[in-house]
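Asker: fold the following, please.
(one chain, ligands or ions: 1)
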Amino acid sequence: MTKKVVIVGGGIVGCMTAMALVGRGCSVTIVERNQIASQTSGESSWAGGGIIFPLLPWLYSDAVNALTNNAANFYQALSQRLLQETGMDANFAQSGFLLLPTFDTEAAQAWCANQQVPMQAVKASAFGVQSLSGENALWLPSICQIRPPYLMQAMRKWLEQNNVSMLEHTELMPLKQTAVLNTWQTVHGESLTADQFVVTSGAWSYELLKETTAKLNIKPMRGQILLYKPQKNLEQMVYREGFYMIPRRDGYLLAGSTLEDVGFDATVTEAVRDEISAKAEAIMPQLKNTPIIKHWSGLRPGTPENLPTISAHPSIQNLYLNTGHFRYGLTMAPASAQMVVSLMLGEKPEIDAVPYTCELNA
Ligand SMILES: Cc1cc2nc3c(=O)[nH]c(=O)nc-3n(C[C@H](O)[C@H](O)[C@H](O)COP(=O)(O)OP(=O)(O)OC[C@H]3O[C@@H](n4cnc5c(N)ncnc54)[C@H](O)[C@@H]3O)c2cc1C
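Answerer: The predicted structure follows:
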């Protein structure tokens, strides 16, 4: 009999989980309190930069890197598939990543050598960017990007074409502890029934499950970002000390972002706008005369060590979690979707699932 699954949250993690479940013959419904792939204030997935790479991967654990390793290959194939099957272009591009000092060059070089990520020591000036201490930049030509709003729209269309039901403007109630989950109530009093449920509710996941025994350490971390359209754009993505710039194929340029612990407040601030534009102008002085076209924010699902929870619920049967991807949800979503689907189908995941297991709250 076809397995019926309800996914709670229609961001990148929910949509990727839905795609993986469709591939395994499940009947899938995504429940989203706003609209899937819409630019709604707060949700992280449309707001992100789209770099398919953890900014400085040598700073993260093997468990984080295990989820990010093959993401670029996956997205390259996915974007071709989405273009063929939906006619929509997610703007995948191998634009490379230029890392400006300061960072631990030895650790970076060792990591790249170990992971077989091509890397070259270069002078930043050769790339037409202004570097404060110029000489020791690193060039990673194989690093890729995708455009999150376009990706989300293409995935939405693919999901519709593949008979995924979308219950939009439908919010689920925080869950009460129970032994077995068969139905989940919406805030309007409807009961949704399924064989299995998956929480992919990003920054809101803790609020949804805090009355259950799940030990979840997830909180919103705001990120603000600016959009320019300079006369002459960068050709590669550039990073310096937590700050990055991402050129798009059609001439736009993103600059960001912040990591702000301000709760569920998705407003944008003038102080951050000034801070980001100063950092952008230090790398690209010509931006001083370029208007800022847009300024937005998203609430990332922040977790310690950037480690998501991909797991069965510790005490509620039929309930699974795929959440807490913090800064790299786009990059981790493909591997994390495969993992949660394997767990739901009783199979052994390709990547060891133990580091992402949800513990019982003591
Ligand atoms: C500025 C910024 C830049 C970023 N850059 C990158 C990057 O370059 N590369 C990268 O890999 N990652 C990046 N990220 C991180 C990435 O965007 C996130 O990790 C990812 O989007 C998280 O996806 P998600 O689906 O878990 O959450 P979300 O996109 O937030 O989706 C969760 C959804 O659940 C819904 N929901 C919540 N509660 C309920 C409920 N009770 N009922 C129904 N629906 C509910 C919400 O409305 C929301 O749509 C960036 C993030 C930001 C903010």
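Asker: use CA for all of it now, contacts and neighbours both
Answerer: Noted.
Asker: dump the residue contacts of residue 218.
Answerer: 203, 204, 205, 206, 301, 302, 303, 324 (CA atoms under 8 Å, 6 or more residues apart in numbering).
Asker: now the nearest residue to the first one once chain neighbours are set aside, what's its secondary structure?
Answerer: If you skip the residues right next to it in sequence, residue 203 has residue 301 as its closest partner in space, 3.8 Å away by CA to CA, 6 or more residues apart in numbering. Look at residue 301: counting by DSSP: H, G, I helix; E, B strand; the rest coil, its state is strand.
Asker: farthest pair in the contacts of residue 218?
Answerer: By the measure CA to CA, 204 and 303 form the most distant pair in the contacts of residue 218, at 12.2 Å.
Asker: what do those two both touch?
Answerer: In terms of CA under 8 Å, 6+ apart, residue 204 and residue 303 are both contacted by the residues 218, 219.
Asker: name the residues of the host helix or strand of residue 339 that are buried.
Answerer: Under the assignment given by DSSP states H and E, the secondary-structure element containing residue 339 is helix 329-344. Buried residues in helix 329-344, counting neighbours by 16 or more other CA atoms under 10 Å, are found at 329-344.
Asker: restrict those residues to contacts with the ligand.
Answerer: 329, 330, 331 (CA under 6 Å from any ligand atom).
Asker: and the closest residue in space to the second one that isn't next to it in sequence, how many residues sit next to it?
Answerer: Of all residues not flanking residue 330 in the chain, residue 12 sits nearest, at 6.5 Å (CA to CA, 6+ apart). Applying other CA atoms under 10 Å, we find 29 residues neighbouring residue 12.
Asker: state the pLDDT value of the closest residue in space to residue 215 that isn't next to it in sequence.
Answerer: Distance criterion CA to CA, 6+ apart; nearest residue to residue 215, sequence neighbours excluded, is residue 361 at 4.4 Å. At residue 361, the pLDDT value in this model is 91.
Asker: please, where are all the strands along the stretch 1-150 of the chain?
Answerer: Along the stretch 1-150 of the chain, the segments classed as strands by DSSP state E, counting those that start in this stretch run 4-8, 27-32, 97-100, 120-122, 137-140.
Asker: alpha carbons of stretch 173-185, in PDB - could you do that?
Answerer: Presented in PDB, the C-alpha positions along stretch 173-185 are these (Å, rounded to 0.1, in the frame of the first residue of the first chain):
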ATOM      1  CA  MET A 173      -0.400  23.400  16.200                       C
ATOM      2  CA  PRO A 174       2.500  22.700  18.500                       C
ATOM      3  CA  LEU A 175       2.500  18.900  19.100                       C
ATOM      4  CA  LYS A 176       1.600  17.300  22.400                       C
ATOM      5  CA  GLN A 177       3.500  14.200  23.600                       C
ATOM      6  CA  THR A 178       1.900  11.000  22.500                       C
ATOM      7  CA  ALA A 179       3.100   7.400  21.900                       C
ATOM      8  CA  VAL A 180       2.000   7.200  18.300                       C
ATOM      9  CA  LEU A 181       1.200  10.000  15.900                       C
ATOM     10  CA  ASN A 182      -1.700   9.400  13.500                       C
ATOM     11  CA  THR A 183      -3.200  12.800  13.200                       C
ATOM     12  CA  TRP A 184      -1.900  16.400  13.700                       C
ATOM     13  CA  GLN A 185      -4.200  19.400  14.300                       C
END
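Asker: model confidence over that stretch, on average?
Answerer: In the prediction, stretch 173-185 has an average pLDDT of 97.
Asker: ditto for stretch 18-37
Answerer: The predicted model assigns stretch 18-37 a mean pLDDT of 97.
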